[in-house]
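[1] What follows is a predicted protein model with its sequence.
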Amino acid sequence: MYSPNGDRIVTGGLNDDPKVHSPHHRGIFYGFNRITYGEGKRADTWHCIDGAFQQHERFLASEQGPVLGRHRAVISWHGKDAAFADEERELTVYNVSGGHWIEFASRLRSASGRVRIDGDPQHAGFQFRAHNDVDAYTTNETIYVRPDGVGKPAETRNWDPQTRRGPVNLPWNAMSFVLGGKRYTVAYLDHPGNPKEARFSEREYGRFGSYFEYTIEKDKSLTVNYRLWLQEGLMRPEEVAALSNHFVEPVQVTVHEPR
C-alpha cells in the first residue's frame, strides 16, 4: 500500500534481507497456519512451508476508472500433495479524498471434502503489516486506537490461546505508526458477517489483524469481507467508529425512472 500522497510504500513486501523482521509478511495478506484436510493432512498457507503454498491461477475480472480500481482472481491453496481449496479473491481500491480506502473480499471453497481452517492470533487470518522501517526505527511510537480508547505508545493487546482471554469480536481496530518522520493510521474494519469468534492480535512493529476457526464443507464455503482505511495523522476512536458504521450500514441509493 502506498502512502495517501503516493510518495512511499507504507507496507511490508517481498524482501530477502536477513535483517527484515518476518519477510513472509507481505503488506496485506490472508492465510492460516493450521489447516487440516483429507485424511489428517496438514497445511500452513501463512508461512507457506512444508510444501504448502497459495498460487495465482488467473484473473476473473479487472476494471479501472476515476472512481475505483478492482480485480478478482482465482487462487489455489495447496498442501504437500495437491490443491485442497480454491479461492476467489477480490481487491477494490476507491478514489476518495483524505486517504486510501481498500476492500478485501474472499470466497474459499473446498476442492474435495472437509477442510478445517485454524491458526493462532499471530499466524492466521486477515492481517496488515507496516513497512519494516517501523520495526527497525519506530516501534516505541506505534499506538493502537481501539473501541475503548487510544492506547499508550508500544502497548499491545493479544488474544491468548492458553487462557483464551483477550480482544475478540472487535468491530474495528486501528494502528498508528511512524515512517520517515510522518505518522499514519490504518483502520481495520471487520464485517459482522465474517466468522466469529474473531481473535485479535497486535504487534508494536506494525503487524495486526484477527483470525477465526472455520470448517469448509463441499457445499459450505468460507466468505469474508474486510475494509482498510489509511490516512495521515493519529485518528480518534470516534473517527474509526464512523468508518465502521459506514461499512456495516452503507449508504442506500435508489434510482427512479424519469416520468
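    Sure, I can see it.
[2] Within the helices and strands, which one has V240?
    For V240, the host element (DSSP states H and E) is helix 237-248.
[3] and for that helix, what are the contacting residues?
    145-150, 171-172, 174, 187, 189, 191-192, 227, 229 (CB atoms under 8 Å, 6 or more residues apart in numbering). Heads up, the C-betas are built off the backbone N, CA and C, glycines and all.
[4] what's the closest of the residues you listed to R58?
    R227 (25.5 Å; CB to CB).
[5] who's the closest one bridged to?
    Note on R227: beta-bridge partners by DSSP bridges are E103, L189.
[6] Contacts only, for it.
    Here R227 is in contact with W101, I102, E103, F104, L189, H191, L243, F247 (criterion: CB under 8 Å, 6+ apart).
[7] quick one: pLDDT of the nearest residue in space to G149 that is not next to it in sequence?
    Nearest residue to G149, sequence neighbours excluded (CB to CB, 6 or more residues apart in numbering): P237, at 6.1 Å. P237 carries a pLDDT value of 98.
[8] Distance of P237 relative to D50?
    41 Å (CB to CB, to the nearest Å).
[9] Who has more neighbours out of the two?
    Using other CB atoms under 10 Å as the criterion, P237 and D50 rank with P237 on top: 15 against 11.
[10] lowest-confidence helix or strand of this protein?
    Across the helices and strands of the chain, mean pLDDT, DSSP states H and E gives its lowest value to helix 132-137, namely a mean of 90.
[11] show me the contacts for the closest residue to G180 other than its chain neighbours.
    In space, and not counting its chain neighbours, G180 is closest to R8: 6.4 Å by CB to CB, 6+ apart. Listed by CB under 8 Å, 6+ apart, the contact partners of R8 are Y2, L179, G180.
[12] same deal with S210?
    Per CB under 8 Å, 6+ apart, neighbours of S210: P121, G125, F126, L170, N173, Y188, D190, A198, R199, F200, S201.
[13] and it, bridged to which residues?
    In beta-bridge terms (that is, DSSP bridges), S210 pairs with F126, F200.
[14] Thanks again, I'm all set now.
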